[in-house]
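**Q** Next come a sequence and a model predicted from it.
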Amino acid sequence: MKFITEEDLRDLYRKETFSEYEVETGTRITPGARQFLSDRQITLYDTENPRKKQEAKQAQKEDIYSSPDAVNPDVCNRKLFGRIKSLEAMFLTVAEELLGRDILLAQKVISLKKSFADIKNIFEGGVPCSPLACESCTWITEENFSQDLGDCFEITEFHIQLSKGKEIIQMHRLRCSLRELEFDILEFLDRNSESGKQCEEMIDNLHKIINTISQMICSAAGGEKCQRKN
């Protein structure tokens, strides 16, 4: 059996640099030669890492991600689940940032996180554990609580000058991220048409949370009367 040494590889590398090295049949590579390739981040194909196996894995990966029409349903599930988990973390981040400024507001965000957990529960095939109650105001009522009502007013640079400007921006950031989740749910529905009822329930719960945050923003902005811009 022939052995390929570090010196053999150095000679080859001096003549012409390379990014891959395949060990021929009936040939072994010494530990020193293996380290030489590793130090230079050269991909080694041998009995432990055969080229055909790697090429098959790459082809499979490209097949899953290359075309929207060929997306694996399991990938769609994991993508949406990951998005939901990311937003759960954002609720905690916003609550932590608010804690030192307005403990009551932070507690409300934590309470909303528990309601948001219902969305994950529905996604996993369960039912809402703690339906979010509507605290009606001039614009948001029990009848339209689960609808997309948009923002009551646009958040601008003016609002960062208010005494609760930071709180307003943090809640608005959370609200924007929640709105993005709706599009992720709709994309999931496109790939899983049989999940229509499930997605409808998720979106209804999402709208309730968003509308509640809108009320919190209005209150933080000093809204003793409805600031809805029609």
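**A** In hand now; what should we look at? Residues are numbered from 1 along each chain as shown.
**Q** Please count neighbours and contacts with C-alpha atoms only from this point.
**A** Noted.
**Q** Now do the most centrally placed residue in the chain against L178, distance only.
**A** Nearest to the geometric centre of the chain sits R83, at 3.1 Å (C-alpha atoms, centre = their mean). According to C-alpha to C-alpha, to the nearest Å, R83 stands 10 Å off from L178.
**Q** Mind checking what helix or strand follows the least confident helix or strand in the chain by mean pLDDT in sequence?
**A** Sorted by mean pLDDT, DSSP states H and E, the helices and strands of the chain end with helix 51-65, the least confident at a mean of 52. Downstream of helix 51-65, the next assigned helix or strand under DSSP states H and E is helix 73-99.
**Q** just checking, what packs against that next one?
**A** On a contact count with 3 or more C-alpha pairs under 8 Å, 6 or more residues apart in numbering; DSSP states H and E, helix 73-99 meets helix 103-123, helix 165-191.
**Q** now those helices as TSV including mean pLDDT?
**A** Listed next are the helices and strands packed on helix 73-99 as TSV, based on pLDDT from 0 to 100:
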stretch	mean pLDDT
helix 103-123	92
helix 165-191	91
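**Q** And these: which comes nearest E6?
**A** helix 165-191 (51.4 Å; C-alpha to C-alpha).
**Q** Could you pull out the buried residues of the closest one?
**A** 165-172, 174-175, 177-179, 181-182, 184-186, 188-189, 191 (16 or more other C-alpha atoms under 10 Å).
**Q** Between the two ends of stretch 18-28, how far is it?
**A** 19 Å.
**Q** Could I get the buried residue list for it?
**A** Using 16+ other C-alpha under 10 Å as the test for burial, stretch 18-28 gives 23, 28.
**Q** Identify the residues contacting it?
**A** 1-4, 29, 41-46, 51 (C-alpha atoms under 8 Å, 6 or more residues apart in numbering).
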